[in-house]
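>>> following is a predicted model, sequence given first.
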Protein chains: 2
Amino acid sequence: MNATSSKARIGFIGLGIMGQSMAGHLLAAGHPLAVYNRSADKAAALVAKGATACATPAQVAQQSDVIITMVGYPSDVEQVWLGAEGVIAHARNALLIDMTTSSPALAKRLAEEAAKAGHQALDAPVSGGDVGAREARLSIMVGGEASAFEKALPVLQLMGANIVHMGGAGAGQHTKMSNQLVIASTIMGVCEGLAYARAAGLDSAALLKCIGGGAAGGFQLNVMGARIARDDFAPGFFIEHFLKDLGIALAEADNMGLELPGATLARKLYDELAAKGLGRLGTQALFQLYTAGG
Amino acid sequence: MNATSSKARIGFIGLGIMGQSMAGHLLAAGHPLAVYNRSADKAAALVAKGATACATPAQVAQQSDVIITMVGYPSDVEQVWLGAEGVIAHARNALLIDMTTSSPALAKRLAEEAAKAGHQALDAPVSGGDVGAREARLSIMVGGEASAFEKALPVLQLMGANIVHMGGAGAGQHTKMSNQLVIASTIMGVCEGLAYARAAGLDSAALLKCIGGGAAGGFQLNVMGARIARDDFAPGFFIEHFLKDLGIALAEADNMGLELPGATLARKLYDELAAKGLGRLGTQALFQLYTAGG
């Protein structure tokens, strides 16, 4: 048995900016890798390095011990996992890991369906963006059974630096929702503080130097605030994806009887931006709502 | 001339938790120090170390080259600076520094009145809390003329570690307002994310470990969030003082024609807490609004 064949065969579905980098790390570590993407051309770079391109999720499932999905919306996850050509129907005693940011309720349902078909399943969404994915330094928040987590850990460690088992099925997604809820109001605060400063005639760079190390400081002020200060609204993270996440989080909160006025307000403001056609800007573009006269 | 008499004579008005520590650093550095506090007993510890207790702000002013005020509300600042027994009327060619968090409009007016009486004036509010004051590591955000800033710098350096000249009169207060506006929505986001997590059954400590180093991370999540996780709502910073600051910031924003819905919402929520008699808890107690059934 050579070094390569001793490694788990991995399938990777969803080769966007994040998935592309993440799958690349698995391949570089010597795992046989089968890949699928809805737009097949995105598989080319990985195939050139030795991955096997598949025509359907089912084909990926048939040749993999571990199957990772990193797609767009919960509806995509549902189709890839539960569809007739999906991974649950076609995998054999596999470990299925959804790393898409998706619904906690769906994660629980997928875990149940996977178990019925003889698979183990984890929800394992990530944080850290394109840079984190490229540098294999993602935070990975995992929900599911402990035995599945232990089995997945060596694979997850190839993609992330801070991997935490948060609880049973859905706990990974719940953790990601908590993360997004913190960010929602925080970026609103950053934009309001910087909009106030600009209106008051303060220099943004001096302001960040002055307050960035104190009680207002953090990733959103220090990284996103610096982008705002130089009028850089290019996406690290798309507004339209953030709106997807907030929609899931607020629906879950509503199911739990929890009112979240800050995140509700942030979603309303982001909805206004999206309605203006700005949904493909980065989340820091919320600043524009405060400076463009509404 | 001995070492002590070569140092500027400093007056310090307002010996609360912050002022007490700040004045102590000036005394320890060898400055002759005259002090005044509305409740005279708060001067005792400094007097025991060599400070001179005064019965009025006027007495402080008469014997000081540099006069620092660190009082409660803008109305207190106004009285101490502009009153018949105030420092502008009784100081002689002095450098006046208001370190209270107060109104930018008032700071401009004080600078004008001070100039008319032959003084220089700075607004120099701080950030960093009781710990920053104790350890002389405050951030100090300064507004006023450059020549006054240069003159004040050696004195400010005895109290702070990050001292930035932000512009003309009022710019220091505007900077502090920006800081508070960022915090207002950020702490709301932290409370919502943690309230969601608790409702979803996640372990708060694991959550902070998982998301504290990422895009949600910062002082509010990592320090205030940790206090929330152990149900510690004791004040680092009183809700009632934060409400004072938000009142000033939102009034200034309103004057500039700037709508700040996030901070407006945060103020509304903090008003609800204050109305329940919780104004002397720390700002992180906003969490209680999400978990106590409103």
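Looks like it arrived, so ask away.
>>> what's the pLDDT at the residue of chain A found nearest chain B?
Nearest residue of chain A to chain B (Cβ to the nearest Cβ) works out as A:Gly218 at 1.6 Å. (C-beta placed from N, C-alpha, C; glycine too.) Turning to A:Gly218, the model gives it a pLDDT of 97.
>>> next one: A:Ala292
Note on A:Ala292: pLDDT of 74.
>>> skipping its backbone neighbours, what lies nearest the residue of chain A closest to chain B in space?
Setting aside the residues directly before and after it, A:Gly218 is nearest to B:Gly218 in space (Cβ to Cβ, 6 or more residues apart in numbering or on different chains), at 1.6 Å.
>>> from the structure, what's the count of residues near the one you found?
Neighbourhood size, B:Gly218 [other Cβ atoms under 10 Å in any protein chain shown]: 28.
>>> need phi/psi at it.
Main-chain torsions, B:Gly218, degrees, to the nearest 10: phi 160, psi -180.
>>> how near is it to A:Gly14?
Counting by Cβ to Cβ, to the nearest Å, the gap from B:Gly218 to A:Gly14 is 30 Å.
>>> briefly note if stretch A:89-100 comes near chain B.
No - remark: stretch A:89-100 sits outside contact range of chain B, by Cβ under 8 Å from any Cβ of the partner chain, the gap being at least 14.5 Å.
>>> tell me which residues in that stretch are buried?
For stretch A:89-100, a neighbour-count test (16 or more other Cβ atoms under 10 Å in any protein chain shown) marks A:90-91, A:94-100 as buried.
>>> could I get the buried residue list for stretch A:217-232?
A:217-222, A:224-225, A:227-229.
>>> which outside residues touch that stretch?
Contacts to stretch A:217-232, defined as Cβ atoms under 8 Å, 6 or more residues apart in numbering or on different chains, come from residues A:183, A:186-187, A:189-191, A:193-194, A:204-205, A:207-208, A:211-212, A:233-234, A:236, A:282-284, A:287, B:182, B:186, B:214-222.
>>> show me where pLDDT drops low in chain A?
For chain A, the stretches with pLDDT under 70 are A:1-5, A:293-294.
>>> the domain parsing of it - what is it?
A:10-167, A:174-290 (automatic domain parsing).
>>> straight-line length of the last one, end to end?
Which is domain A:174-290. Start-to-end span of domain A:174-290 (Cα to Cα, to the nearest Å) is 31 Å.
>>> before we move on, what about the first one?
End-to-end distance of domain A:10-167: 24 Å, with Cα to Cα as the criterion.
>>> centre of the chain to that domain, how far?
Chain-centre distance of domain A:10-167: 12 Å, with Cα atoms, centre = their mean, to the nearest Å.
>>> likewise for the last one?
Relative to the chain's own centre, domain A:174-290 is displaced by 17 Å; criterion: Cα atoms, centre = their mean.
>>> export the domains of chain A to a markdown table and append columns for distance to B:Gly160.
Rendered in a markdown table, the data for these read as follows (distance: least, Cβ to Cβ, whole Å):
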| stretch | distance to B:Gly160 |
| --- | --- |
| domain A:10-167 | 33 |
| domain A:174-290 | 11 |
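>>> so which of the ones you listed is nearest B:Glu113?
domain A:174-290 (21.2 Å; Cβ to Cβ).
>>> wait, A:Ala146 touches A:His165, no?
Yes - with contact defined as Cβ atoms under 8 Å, A:Ala146 counts as touching A:His165 (6.7 Å).
>>> quick one, which of the two is more surrounded?
A count of neighbours by other Cβ under 10 Å puts A:His165 above the other of A:Ala146 and A:His165, at 23 against 10.
>>> who are the packing partners of the one helix or strand that one maps to?
For A:His165, the element it lies in under DSSP states H and E is strand A:160-167. Counting contacts by 3 or more Cβ pairs under 8 Å, 6 or more residues apart in numbering or on different chains; DSSP states H and E, strand A:160-167 packs against strand A:138-143, helix A:146-156, helix A:171-199, helix B:204-211.
>>> redo the ones you listed as TSV? Include distance to B:Cys54.
Shown next, in TSV, are the helices and strands packed on strand A:160-167 (distance: least, Cβ to Cβ, whole Å):
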stretch	distance to B:Cys54
strand A:138-143	55
helix A:146-156	65
helix A:171-199	37
helix B:204-211	47
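>>> of all the ones you listed, which lies closest to A:Ala115?
helix A:146-156 (10.1 Å).
>>> can you confirm A:Ile67 is in a strand?
Yes - membership of A:Ile67 in a strand is supported by DSSP: H, G, I helix; E, B strand; the rest coil.
>>> and it, how many neighbours?
29.
>>> what's across from the closest residue to it other than its chain neighbours in the sheet?
Leaving aside its sequence neighbours, A:Ile67 sits nearest to A:Gly11 (Cβ to Cβ, 6+ apart; 4.2 Å). As for beta bridges, A:Gly11 partners with A:Ala34, A:Ile67 under DSSP bridges.
>>> I'd say A:Gly11 and A:Thr56 touch.
No - using Cβ under 8 Å, A:Gly11 is not in contact with A:Thr56, being 11.2 Å away.
>>> what do those two both touch?
Listed as contacting both A:Gly11 and A:Thr56 by Cβ under 8 Å, 6+ apart are A:Tyr36.
>>> out of those two, which sits in the more crowded spot?
Taking neighbours as other Cβ under 10 Å, A:Gly11 and A:Thr56 compare with A:Gly11 leading, 30 against 17.
>>> which residues touch the more buried one?
A:33-36, A:54, A:60-61, A:63-64, A:66-68, A:87.
>>> any part of the one helix or strand A:Ala114 maps to near chain B?
Following DSSP H and E, one finds A:Ala114 within helix A:104-116. Yes - for helix A:104-116 and chain B, the contact criterion (Cβ under 8 Å from any Cβ) is met by A:Pro104.
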